[in-house]
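S.K.: okay, sequence plus prediction incoming.
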Amino acid sequence: MYSIQEIDVAELKSMQEAGKRFRLLDVRNIAEIQRGCIKGCEPVPLNILQAKLPELSNDETYILYCHSGARSAQATSFMVTQGYDETYNLKGGILAWAQQGFDIAAMA
């Protein structure tokens, strides 16, 4: 596995509040995403990530998350190997996000 860059939930929240530009990808399965997500996320389940790559520009910043950070770490590693250098894993996933008391949104 390639070395990956990670951010924690406080960093993500700060980036959101500062209006920083990034794309937040939720790599959980659809059933998990339907139970709630981080506001502003794009659902890209891990099993379809490879097929979605042509739709993703490799000059953008991506933050990936899942339930606890394991699947998103795998997805982050994969994206980095494909030339998406500004890709970050959210440590602890949506679980850490919720534990900090940050809002969980309904999927639109």
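M.R.: The structure has been received and is ready for your questions.

S.K.: residue 90 - nearest residue in space that isn't next to it in sequence?
M.R.: Closest residue to residue 90 apart from its sequence neighbours, by C-beta to C-beta, 6 or more residues apart in numbering: residue 65 at 3.8 Å. (C-beta placed from N, C-alpha, C; glycine too.)

S.K.: what's the offset of the lengthiest helix in the chain from the middle of its chain?
M.R.: Secondary structure of the chain per DSSP state H: the longest helix is helix 70-81. Relative to the centre of its chain, helix 70-81 is centred 10 Å away, using C-alpha atoms, centre = their mean, to the nearest Å.

S.K.: buried residues in that helix?
M.R.: Neighbour counts over helix 70-81 (16 or more other C-beta atoms under 10 Å) mark 71-80 as buried.

S.K.: next SSE downstream of it?
M.R.: Next helix or strand after helix 70-81 toward the C-terminus (DSSP states H and E): strand 87-90.
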